[in-house]
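[1] Following is a predicted model, sequence given first.
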Amino acid sequence: MAAWTVLDTGFGQGQMLLATWQQWREHAAPSTLLHYVAICEPADLEFWRANTRGSTPRAFPEPPLSTMAVQLQDACCSALPGFQRYLLAGGRLSLTL
């Protein structure tokens with residue numbers, strides 16, 4: 001199965017992930033997977049934890065980014081120290097954070 005793999009060494013608030021995810025949704029074949037590996041500081045996740053879980057993060061008010069941001073927020077709210085793998089987009093996006 002074809003896959004896109006991205007390494008992001010500056011996760012920050014996840015803007016690059018959301019931009020990549022949007023491009024992948026628009027241009028990749030439906031059977032293609034996206035494996036996104038992101039390195040981040042624990043403080044980076046505070047952006048997501050500061051928002052109420054399930055609500056749209058204020059930095060991404062417009063669809064489709066708001067929909068993707070809520071999925072990302074749900075994953076990041078439970079992030080623990082060390083690497084974690086989250087499946088988003090119905091399992092087609094594998095986020096290693």
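    Yep, it's here.

[2] and the gap between Y36 and L72?
    Distance check for Y36 against L72: by CB to CB, to the nearest Å, it reads 10 Å. Where C-beta positions appear, they are placed from N, C-alpha and C, glycine not excepted.

[3] intersection of neighbour lists for these two?
    Taking CB atoms under 8 Å, 6 or more residues apart in numbering as the contact rule, Y36 and L72 both touch 17, 95.

[4] Which SSE is immediately downstream of the helix-or-strand element of the chain with minimal mean pLDDT?
    Lowest by mean pLDDT, DSSP states H and E among the helices and strands of the chain is helix 46-49, with a mean of 64. Later in the chain than helix 46-49, the nearest helix or strand by DSSP states H and E is helix 65-76.

[5] tell me what the helix or strand just after that following helix is packed against?
    Downstream of helix 65-76, the first helix or strand assigned by DSSP H and E is strand 85-88. Packing contacts for strand 85-88, counted by 3 or more CB pairs under 8 Å, 6 or more residues apart in numbering; DSSP states H and E, involve helix 65-76, strand 93-96.

[6] now with 10 Å?
    strand 33-38, helix 65-76, strand 93-96 (3 or more CB pairs under 10 Å, 6 or more residues apart in numbering; DSSP states H and E).

[7] nearest to Q15, of these?
    helix 65-76 (9.1 Å; CB to CB).

[8] which strands and helices sit next to that closest one?
    Looks like helix 65-76 contacts helix 15-27, helix 46-49, strand 85-88, strand 93-96 (3+ CB pairs under 10 Å, 6+ apart).

[9] Out of the ones you listed, which is closest to M68?
    Checking those against M68 by CB to CB gives helix 15-27 as the closest, at 5.4 Å.

[10] got the buried residues for the closest one?
    Buried residues in helix 15-27, counting neighbours by 16 or more other CB atoms under 10 Å, are found at 16-18, 20-21, 24.
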